[in-house]
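# Fold the following for me, if possible:
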Amino acid sequence: MQALLLLVALTFASSCERSSQEGSPDTSTIKIGYFGDLSGPTFNFGESAKNGVLLAAAEVNQAGGINGRRIDVVIEDDQGSPERAATVANKLVHLDNVVALIAGGASGSSLAAGPNAQAAKVPMISPSSTNPAVTQIGDYIFRACFLDAFQGDVMARFAVKSLNAKKAAIMLDYNSPYSRGLTEFFELSFTKLGGQVVSKQSYTQGDADFRGQLSALKGTSPDVIYLPGYYGDIAIIAKQARQLGLTQPLLGGDGWDAPELWSLAGDSINGSYISNHYSVEDPSPAIQKFVQDYRLQSGNLMPDAHAALAYDAMRFLIEAIQKAGTDGPKLRDALAATKDFRGITGVISMDKDRNAVKPATVLKLEDGKYIYLETIQPEVLATPSPTPSPTPAGKRRRK
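Numbers count the residues shown, from 1 in each chain. Down below sits the predicted model:
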């Protein structure tokens, strides 16, 4: 009889313990994977994006997390290599069991890593991959930036309407999906507006001598030179262009935006213009607060566009998790439904192909500064002020 009573007591205690565990809230951490170039040819992009992700995570964790669950960012270095990006994405998904990925690399890396995320049904957001093919990988792939089509069109219109350019020359990195995409859309818009592309030269990232290509395009007397590449190459091209007597305005895209550009290029890029995602000089209180918070976290570094884009990507991912939880399909649906998210880089809405519909800015480069000129909105969007989505009620950060 005593043995029977002991068995009943143990069964009852076990049942009560299990019931208590089942009724207790989930306090486990939410793992979000980040991978980007932290040691390769565009390491500044990867570091800036990582810092933006960590800032967003820290803000939410300091406010109590998501329903009491802290965010744990698992970081991997893809070294700027598409092959390694695919490898580290696979590790993050299958070994680290992250609920989502932030892909801080270039378009080539996102294109290589995306299929692994898609196959595992783990949402992946690229903050800065502007090549249209990235989100065509599948319905679990998103982006926080505008497309090359919009960015290329913005600079073509600026060249024609603001600089009165009639002839343009282009130098592109032919192995870069980013550079090829911008070239295609710039050329399409420029010619539609009545302009003529008089020379198109190519190079490979890491080349040291561009004088042959620059000499060839110099003979065509262009009004502007479009350089849709990354800051390391741009610095060398700009210096060599000026040495050869090319004084035309140099035009580019968001791939120029890195503090190292100025130390590498010096005054050779003065008077150049780029399309970008935001400006640190924008007086918006929300933007200035972000700049201040980022500098406090990152050793007084100024946040470039990659930092702001990654911060926005993390924030609207967090908002989707707050709404839908961490289940892959439900989280995917919540991300796809993102509408009028007020980010640092503009108001973000996802279109049917999971691309961010949002504005672009045009900046002038002068004496170490990116001088804000104008914001260009997509035709489908209104123009509300960029104010970050607030922390949910009851979770506001204490000051």
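# Tell me which stretches of the stretch 151-300 of the chain form helices.
177-192, 211-218, 231-243, 260-265, 285-297 (DSSP state H, counting those that start in this stretch).
# contacts for stretch 332-350?
The contact list for stretch 332-350 (C-beta atoms under 8 Å, 6 or more residues apart in numbering) reads 121, 123, 125, 139-140, 142, 144-145, 277-278, 286-287, 290, 305, 308-309, 311-312, 315-317, 319-321, 323-324, 354, 356-359, 375, 381-382, 384-389. Every C-beta, even on glycine, is put in place using the N, C-alpha and C of the backbone.
# Now list the buried members of the residues you listed.
Among the contacts of stretch 332-350, the ones that count as buried by 16 or more other C-beta atoms under 10 Å are 123, 125, 140, 142, 144-145, 277-278, 287, 290, 305, 308-309, 311-312, 315-317, 319-321, 324, 354, 356-359, 386, 388.
# how long is stretch 236-253 from one end to the other?
Start to finish, the residues bounding stretch 236-253 are 16 Å apart (C-alpha to C-alpha, to the nearest Å).
# what residues does it touch?
By C-beta under 8 Å, 6+ apart, stretch 236-253 touches 130, 151-152, 155, 158-159, 163, 171, 182, 203, 207-211, 214-215, 218, 222-229, 234, 264-266, 268-269, 271-276.
# Narrow those to just the buried residues.
Here, 16+ other C-beta under 10 Å leaves 130, 151-152, 155, 158-159, 171, 182, 203, 210, 214, 218, 222-229, 234, 264-265, 268-269, 272-276 buried among the contacts of stretch 236-253.
# picking that back up, can you flag which of the buried ones among the contacts of stretch 332-350 belong to strands?
125, 142, 356-357 (DSSP state E).
# Taking the residues you listed, tell me the two that lie furthest apart.
The span of those, defined through C-beta to C-beta, is set by Ile125 and Val357 at 15.0 Å.
# Where does pLDDT dip in the stretch 251-399 of the chain?
Scanning the stretch 251-399 of the chain for pLDDT under 70 picks out the ranges 379-399.
# Break the protein down into its structural domains.
30-146+281-359, 149-276 (automatic domain parsing).
# Can you say which of the ones you listed is packed in most?
When those are scored by mean count of other C-beta atoms under 10 Å, the highest mean neighbour count falls to domain 30-146+281-359 (a mean of 21).
# for that domain, the distance to its chain's centre please.
Distance, stretch centre to chain centre, for domain 30-146+281-359: 7 Å (C-alpha atoms, centre = their mean, to the nearest Å).
# rewinding a little: out of the domains of the chain, the one nearest Leu365 is which?
Using C-beta to C-beta, the domains of the chain put domain 149-276 closest to Leu365, at 4.5 Å.
# hmm, back to that, dump the domains of the chain to TSV, plus distance to Glu366.
TSV is the format used below for the domains of the chain (distance: least, C-beta to C-beta, whole Å):
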stretch	distance to Glu366
domain 30-146+281-359	12
domain 149-276	5
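# out of those, which comes closest to Gly368?
So among the domains of the chain, domain 149-276 is nearest, using C-beta to C-beta, at 4.9 Å.
# Go ahead and measure how far the closest one is from the middle of the chain.
21 Å.
# what's the answer for stretch 354-366, then?
The answer for stretch 354-366 is 12 Å, by C-alpha atoms, centre = their mean.
# mind listing what the nearest residue to Gly80 once chain neighbours are set aside touches?
Leaving out its chain neighbours, the residue that sits closest to Gly80 by C-beta to C-beta, 6 or more residues apart in numbering is Gly40, at 2.7 Å. With contacts defined as C-beta under 8 Å, 6+ apart, Gly40 is in contact with 46, 78-81.
# Show me these that map onto strands.
Among those, no member falls in strands (DSSP E).
# Surely Asn44 is in a strand?
No - judged by DSSP: H, G, I helix; E, B strand; the rest coil, Asn44 forms no part of a strand; its state is helix.
# if I look at it, how far off is Leu38?
Separation of Asn44 from Leu38 (C-beta to C-beta, to the nearest Å): 10 Å.
# One more: Arg332?
27 Å.
# Please apply the same query to Ile170.
For Ile170 relative to Leu38 (C-beta to C-beta), the value is 30 Å.
# just Gln288 next, same as before
28 Å.
# Check Ala133 too.
On the measure of C-beta to C-beta, Ala133 and Leu38 end up 24 Å apart.
# do Gln297 as well
17 Å.
# Ala320 too?
Taken as C-beta to C-beta, the span from Ala320 to Leu38 is 26 Å.
# ditto for Asp77
4 Å.
# got any residues that touch both of those two?
Common neighbours of Asp77 and Leu38 (C-beta under 8 Å, 6+ apart) are Gly46.
# circling back: among the buried ones among the contacts of stretch 236-253, which ones are in strands?
171, 203, 224-226, 272-276.
# Out of those, flag the one nearest to Ala113.
Asn276 (24.3 Å).
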